[in-house]
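> with the sequence up front, the predicted model follows.
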Amino acid sequence: MPETIKIFKIRFDNITMKEALKKALIFAKDKKQHYICTPNPEILLTAEKNLKYQEVLNKSDLNIADGIGILWAAKFEKITKNKKRPAIFAKWFTSLSSILFYPKYIRTELSERVTGTDLMQNICKQAASENIKVFLLGAADGVAKKVKNILEKKYPKIKIVGTFAGSPTKAEETEIIKRINKTEAQILFVAYGAPAQEFWISRNLKKLKKIRLAIGIGGAFDYIAGIRKRAPKWLQHTGTEWLYRLIQQPSRIKRIYNATVKFPVKVLRKRLR
Ligand code: UDP
């Protein structure tokens, strides 16, 4: 398996949850500052039209594949290299159906889907035992505080030294930076949604003196706080977590359409060009 794979010009690190966690902890204790991104199909569609966003994503220290669609795209690119149109169409159908019927098939290029929410919880567990200070930034008012309480119950030794909802606007940056710097936190989770959270991190990381690792974490706080429910594990494995989300939050229909229809069609069209 290659160490990195490019999809829509974005680098993905071929890494398992275990390896990602190990790296994250090395980053958190390093002298240099680092950031991790969790690109999914929606993020790739946004980055396609935004060169600045592409740059921010490609400059990260680690990009984990946060979506079954990313694993599929990596496999599709591989199996259709130098193939003729009819074969490309056929492989598009069979590889997409395999997400449902034989998910193992698409896991040969990128081996694992590593979600931001799972990675965050694993990092927090480890940070608790290694005495690493954590700051939670973003989500709606009160959510980060709720996440703090939940994590403190789960990992009594964890040091969540600050929480703040704030907003990703430039006007609030100075105030937020002050707050974070005061706490001397080493790991920062930013839940402002993509692409705002990645831009926020890239603009401000240097000013966050003690932060060694920053991660844009999307809706992770909402999931941990129980405001949104993750799909059951068996559904996650069949690659149909999106269906569960659609039922839970019908307002996400456009975003789900982008991830499950627009993205695979775009991957196909790029191959046919
Ligand atoms: N968010 C925020 N401020 C904003 C926009 C979004 O705090 O100005 C939060 C929002 O409350 C949610 C998170 O950002 O907790 C991102 O949610 P999204 O649904 O985009 O995440 P995904 O499900 O894609 O990971």
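It's in. On a predicted model such as this, the values are computed, not experimentally measured, just so you know.

> stretch 158-174 and the ligand, any residue contact?
Yes: judged by CB under 6 Å from any ligand atom, stretch 158-174 comes into contact with the ligand at S167, P168. Bear in mind the C-beta positions are built from the backbone N, C-alpha and C, glycine included.

> can you get me a residue count around the residue in the stretch 151-273 of the chain that the ligand sits nearest to?
As assessed by CB to the nearest ligand atom, the ligand sits closest to G218 within the stretch 151-273 of the chain, at 2.3 Å. Look at G218: counted by other CB atoms under 10 Å, it has 25 neighbours.

> do the same with the one 4 residues further on
Using other CB under 10 Å as the criterion, D222 is surrounded by 18 other residues.

> if I look at it, how far off is A90?
Distance, D222 to A90, by CB to CB, to the nearest Å: 39 Å.

> before we move on, what about A47?
To A90, A47 is 29 Å away according to CB to CB.

> quick check: residues of the stretch 1-150 of the chain near the ligand?
Proximity of the stretch 1-150 of the chain to the ligand (CB under 6 Å from any ligand atom) is limited to residues G138, A139, A140.

> picking that back up, show me which of A47 and A90 is the more surrounded one.
Each of A47 and A90 has its neighbours counted (other CB under 10 Å); A47 has more, 23 against 12.

> the more buried one: what secondary structure?
Here A47 is helix, with the state taken from DSSP: H, G, I helix; E, B strand; the rest coil.

> strands of the stretch 1-150 of the chain, start to end?
Using DSSP state E, counting those that start in this stretch, the strands found in the stretch 1-150 of the chain span residues 4-7, 10-13, 34-37, 62-63, 133-138.

> ok, now the stretch 151-273 of the chain?
159-164, 187-191, 213-216.

> returning to what we had before: quick check, pLDDT for the residue of the stretch 151-273 of the chain closest to the ligand.
Note for G218: predicted pLDDT of 95.

> try the one 4 residues further on
Each residue has a pLDDT score; the one for D222 is 96.

> in contact with the nearest residue to it once chain neighbours are set aside, which residues?
Leaving aside its chain neighbours, D222 sits nearest to R228 (4.5 Å; criterion: CB to CB, 6 or more residues apart in numbering). Contact analysis of R228 by CB atoms under 8 Å, 6 or more residues apart in numbering lists G219, D222, Q248, Q249.

> the second one reaches A144, doesn't it?
I take that to be D222. No: applying CB atoms under 8 Å, one finds D222 not in contact with A144, separated by 10.3 Å.

> which neighbours do these two share?
Residues touching both D222 and A144 by CB under 8 Å, 6+ apart: A191.

> R203: neighbouring residues, count only.
A total of 13 residues lie near R203 under the criterion other CB under 10 Å.

> now find how far off-centre the longest helix seen in the chain is within its chain.
Identified as the longest helix of the chain according to DSSP state H is helix 85-101. When C-alpha coordinates are averaged (CA atoms, centre = their mean, to the nearest Å), helix 85-101 and its chain have centres 26 Å apart.

> packing partners for that helix?
On a contact count with 3 or more CB pairs under 8 Å, 6 or more residues apart in numbering; DSSP states H and E, helix 85-101 meets helix 68-79, helix 263-272.

> and the residue of the stretch 1-150 of the chain found nearest the ligand, what's its pLDDT?
The ligand sits closest to A139 of the stretch 1-150 of the chain, with a gap of 3.7 Å, by CB to the nearest ligand atom. Listed pLDDT for A139 reads 98.

> what is the burial count for it?
Per other CB under 10 Å, the neighbour tally for A139 reads 29.
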